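Engineer: next input, structure requested:
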Amino acid sequence: MKHSPAYRLAATILHGFDGYRARFKQITFDASRRFREAAWKEAQQASAARINLYEEKVGDTLTRLQRTFDHEALTYCETWREAREHYAQLISQRLDYELAETFFNSLFCSVFHHRHIRNDWMFVYSSREDAAHHSGIELCRRHWVNHDWPQALAWALEEAPFDNAFADLERDIELGAALLETLLPAAILQADDAQLELLKSVFYRNKGAYLVGRISGGGEQVPLVLPILHGEGFGEQQGGDPCLHLDTVLTETDEVSIIFSFTRAYFQVDVSVPGEFVHYLKQLMPHKPEGELYAAIGFFKHGKTEFFRGLNQQVAKREDQFVIAPGVRGMVMAVFVLPSFRTVFKIIKDKFDPAKDVTHAVVREKYRLVKRHDRVGRMADTQEFSNFIARQDHFSPECLEHLLEVAPSTVSLKDDKVIIKHCYTERMMTPLNIYLEQCSADERVMVLKDYGNAIKQMAAANIFPGDMLLKNFGVTRHGRVIFYDYDEVCYLTECRFRHIPKSYGNDFMCGGGDSFSIGPNDIFPEEFGPFMFANPELRGIFMQQHPELFDPDYWLELQQAIVDGRIIDVYPYRNKQRFAGTIGQLVY
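Structural biologist: Here you go, the predicted structure:
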């Protein structure tokens, strides 16, 4: 039977999607082996490979389409209208249909260069918006507590699908149960119907494995996360594989939200039904957008789809307009926000301030670097958009005038539409410089400490932020300091940290010393203070908290550790919560 061009178009795209999903699943499936073998370097490489995989498979599929169809046929919108209908039928029984729709959208946008965004020709809205059905697949395992919390925790750990043994399971159970009994509400502790529930799939990321679920009883429920780590210093099981230990127990919604934060790399976790999996996570973290949850489990492209749909809905409400973002205006980026949507939009300016020696291409590559890299809870994830279109009256006059002035090659007007050729989006945060002006004295001390921790943890992940000014960092609703300005970011190992020669004193940058050469990658940590803080009081507090950041030897030792292949992880919970102590690891 000879199929129509539209059907063949749909089938070719679905074939490409199947190839993407197969490779995605294989990389994810191997996470358990990498964890078992403590193959941390391989885990980093696999994480980056899985992020790159989507664009690779879209590119391969686009090439196949271009070989199969001539340009006129491939760019005929009516063919895509029919192809969309065929595609919707082909994926109607799939459990990952929403991911398949996003893949179709990516091919449409690749062909039409992000123009003609209409639901007639692509999936602006889901084909199953009102027809989703339950798969019947059981995602969780469950256990009645019967007032025996140690036994319940033993069930959680012993029945988990780990190949490695626990170094001291009795110790972990004792510590975990004792902490649970201090954390849980009395209604759950005393309930006859208390139940412990865990997703069957293990969440792997960096050097950690996480059991995720909830505890319910007495009409209440709380989330539950059990982080499992390799026991450095805890011995090995027979056969040479490292033993495991329970690192802590987490039951607060905010703590769980931080683990799934937009500032961290995507989990490697087996997901049989993406929509139902995300729905379950949404119950644990009701304030987290679904798009972020899709991204957290590796489907960041569909997370972008969900973000776009949510943005369209919010703009349609007309509650507010796009306005210039509060804070100091950037030298490289023009930044605006839709306040009710809690999102920042960033556009690369046409011309940069003289102090910035970068190009558009360099800036875009810096953002790609961060996208691929482990963000260790300290760098905001971004989404990249092309040909973003909104009505002119959705922008405040001041905002639109500013964008047209600083980025005329990117922002233009056509009739009553604003067309933005390229922009990034990030979660909105309070700029650190503004936060410090508004917070209390105690909050000031805490946030400055976290500011230093953020710099240290990025450095441990081989990232040097470059421009460490306060305005380039933000504070989340959880009080965490996050870096979000990437135009000067680089690998720590590319930097050359140097001491200031004693003969030049503390003001060597300001004159003298013709024989003292400074290279483009030279960095003098002893000079950080005045650059980071104009306020002497803030500078003093920070230098007292983090004196090592001003010592070149600290940076050189960290560089050497990275060069030697040491993988330093950053765990998403506080050091005081850990059972095992620091064991040479950096934690939140």
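Engineer: convert stretch 402-418 to CSV, retaining C-alpha atoms only.
Structural biologist: Only the C-alpha atoms of stretch 402-418 are listed here, as CSV (Å, rounded to 0.1, in the frame of the first residue of the first chain):
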residue,chain,number,x,y,z
HIS,A,402,14.6,49.7,25.8
LEU,A,403,14.6,46.3,23.9
LEU,A,404,14.3,48.0,20.5
GLU,A,405,17.1,50.4,21.4
VAL,A,406,19.7,47.9,22.7
ALA,A,407,18.9,44.9,20.5
PRO,A,408,17.4,46.0,17.2
SER,A,409,18.8,43.0,15.4
THR,A,410,17.0,40.7,17.7
VAL,A,411,13.8,42.6,18.6
SER,A,412,11.5,44.0,15.9
LEU,A,413,7.9,45.2,15.4
LYS,A,414,5.6,43.9,12.7
ASP,A,415,2.1,45.4,12.8
ASP,A,416,1.0,44.9,16.4
LYS,A,417,3.4,42.0,17.1
VAL,A,418,6.8,42.0,18.9
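Engineer: quick check: buried residues in that stretch?
Structural biologist: Of the residues in stretch 402-418, His402, Leu403, Leu404, Val406, Ala407, Thr410, Val411, Val418 count as buried by neighbour count, 16 or more other C-beta atoms under 10 Å. In short, each C-beta sits where N, CA and C put it, glycine included.
Engineer: tell me which of those fall in strands.
Structural biologist: Counted as lying in strands by DSSP state E, out of those, are Val411, Val418.
Engineer: neighbours of Met379, how many?
Structural biologist: 28 (other C-beta atoms under 10 Å).
Engineer: bridged to it, which residues?
Structural biologist: Going by DSSP bridges, Met379 is paired in beta bridges with Phe483.
Engineer: repeat for Pro242
Structural biologist: Beta bridges link Pro242 to Glu236, judged by DSSP bridges.
Engineer: centre of the chain versus the helix or strand harbouring Arg50, how much separation?
Structural biologist: Assigning secondary structure by DSSP states H and E places Arg50 in helix 40-68. Centre-to-centre, helix 40-68 and its host chain are 18 Å apart (C-alpha atoms, centre = their mean, to the nearest Å).
Engineer: next secondary structure element downstream of that helix?
Structural biologist: Remark: after helix 40-68, the chain's next helix or strand is helix 71-74, criterion DSSP H and E.
Engineer: give me the buried positions along that next one.
Structural biologist: Leu74.
Engineer: chain center to whichever helix or strand comes after it: distance?
Structural biologist: Per DSSP H and E, helix 71-74 leads on to helix 77-90 as the next helix or strand towards the C-terminus. Distance, stretch centre to chain centre, for helix 77-90: 33 Å (C-alpha atoms, centre = their mean).
Engineer: hmm, who's touching the host helix or strand of Leu180?
Structural biologist: Element membership for Leu180, per DSSP H and E: helix 169-183. Helix 169-183 has contacts (C-beta atoms under 8 Å, 6 or more residues apart in numbering) with 149-150, 152-154, 157-158, 166, 189, 215, 222, 226, 245-246, 248-249, 251-252, 579.
Engineer: and the strands in the stretch 301-450 of the chain?
Structural biologist: Taking DSSP state E, counting those that start in this stretch as the criterion, the stretch 301-450 of the chain carries its strands at 323-324, 333-338, 343-348, 383-391, 411-414, 417-427, 430-431.
Engineer: hmm, which two among the buried residues of stretch 402-418 are most spread apart?
Structural biologist: Maximum pairwise distance among those (C-beta to C-beta): 14.3 Å, between Val406 and Val418.
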